[in-house]
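[1] predicted model and sequence below, questions to follow.
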Amino acid sequence: MWDFNIASALGMMVRTMPFILLRMAVYFGITLGYVLITGVGAGIGWGIGGFGDDEFRATTTAWGGFAGFGIFGAIMYWAREYILYIVKAGHIAVLIELIDGNPMPQGRSQVAHAAAVVKQRFPQASVLFAVDQLIKGVVRAITGLVRGLLTILPVPGVQQVAGILSAFLRVAVGFVDEVILAYAIRTKSDSAWMSAKEALVLYGQNYKPMLKNAAWLAIIVYGLGFLVFLVMLAPAALVVYMMPGAWAAGGVVFALLFAWSVKAALLEPFAITCMMQVYFKTIEGQHPNPEWEAKLEQMSGKFRKLKDRAFGAGGNATPEATDARPA
């Protein structure tokens, strides 16, 4: 059915509890920030609405809430690369130590150790973020390959099925980019660009087991996330009721935010741990296939850009560096 070990993944999450707590603080804090700033915006709108009738006040309250939500969303947009750098990549670095059976260094915390490892591989947050964005583009191209294979089958209605499957797979591979980053950290290569290129080729040549397991994890993660959403509808509605000028859509929006925070803080690291198990077990003993590298280069401009960075001024690698293996 699937190739990951749920008990082992949960055990690793428990052993990385400092990072789980950090993720909870960050993502629940983001949700709280959305609620508070939206409430402040709605309050300002409600106050401005006092200069008009009830309909005017309802309108200004709603627009104030939307404005507060949008302003905080813009702040989070600019902060996303630092969250990736400090929280996600750091957690991956610690999980790799556990997957490889290495003891955690004595005398410093998991977070401090992970920060040192990530900084060594990616000296700047912007570099990690740029690599991550290119990886996502290539992963989408590999997912699109599945749809392309289905559409050539002479079966009635296959294009509609392929469209649904492709949409589902795009959701399913949402955390695959972090598994590719895990390879870049694990190989200890001097060039993050080169490591990412190798990891993507290895992912492409093993896309069937990877997509199968990603699909199972998507069902588990988003199924649990939906249950959290249903549970949080009532308290989210209460929060909206306490705001000045009740915001009708706010309950659903805030419940979605709470569900997202649980997914990002608890469910995503579980899924990433499972995918890392599958990926490193699958590629063990393999080398990047030149045919798959050529295929990715043909189908994805993002991969070509990544390869240019690996061999050009954007990376410190030389062609000989492609043989880097986990230490």
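    Nice, I can see it. Predicted model only: the values in this text are computed from it and were never measured. Residues are numbered from 1 along each chain as shown.
[2] pLDDT score for Val201?
    pLDDT, Val201: 93.
[3] do Ala218 as well
    Reported pLDDT at Ala218 in the predicted model: 86.
[4] what does Ala246 give?
    As predicted, Ala246 sits at a pLDDT of 52.
[5] cool, the one 5 residues further on as well?
    In the prediction, the pLDDT value recorded for Gly251 is 70.
[6] what about the closest residue to Met1 other than its chain neighbours, which helix or strand?
    Once flanking residues are discounted, Met1 sits nearest to Trp216: 7.1 Å by CB to CB, 6 or more residues apart in numbering. From N, CA and C alone the C-beta is placed, and that goes for glycine too. Trp216 is part of helix 207-242 when elements are defined by DSSP states H and E.
[7] in that helix, what counts as buried?
    207, 210-211, 213-218, 220-222, 224-225, 228-229, 232-233, 236-237, 239-240 (16 or more other CB atoms under 10 Å).
[8] past it, which element shows up next along the chain?
    Using DSSP H and E, the helix or strand that follows helix 207-242 towards the C-terminus is helix 250-262.
[9] and the angle from that next one to helix 207-242?
    Orientation of helix 250-262 against helix 207-242 (axes from the mean of the first three to the mean of the last three CA atoms, to 10 degrees) gives an angle of 140 degrees.
[10] neighbours around Ala310, how many?
    Neighbourhood size, Ala310 [other CB atoms under 10 Å]: 24.
[11] ok so, going back, distance between the helix holding Trp216 and the chain's centre?
    Centre-to-centre, helix 207-242 and its host chain are 14 Å apart (CA atoms, centre = their mean, to the nearest Å).
[12] could you point out which element follows the helix or strand bottoming out on mean pLDDT in the chain?
    Every helix and strand in the chain was compared by mean pLDDT, DSSP states H and E; the lowest is helix 158-172, with a mean of 62. Scanning forward in sequence from helix 158-172 by DSSP H and E, the next helix or strand is helix 176-186.
[13] could I get the full set of helices for this structure?
    In the chain, the helices defined using DSSP state H lie at 6-15, 17-48, 54-83, 89-99, 110-121, 125-151, 158-172, 176-186, 192-205, 207-242, 250-262, 268-282, 290-299, 301-311.
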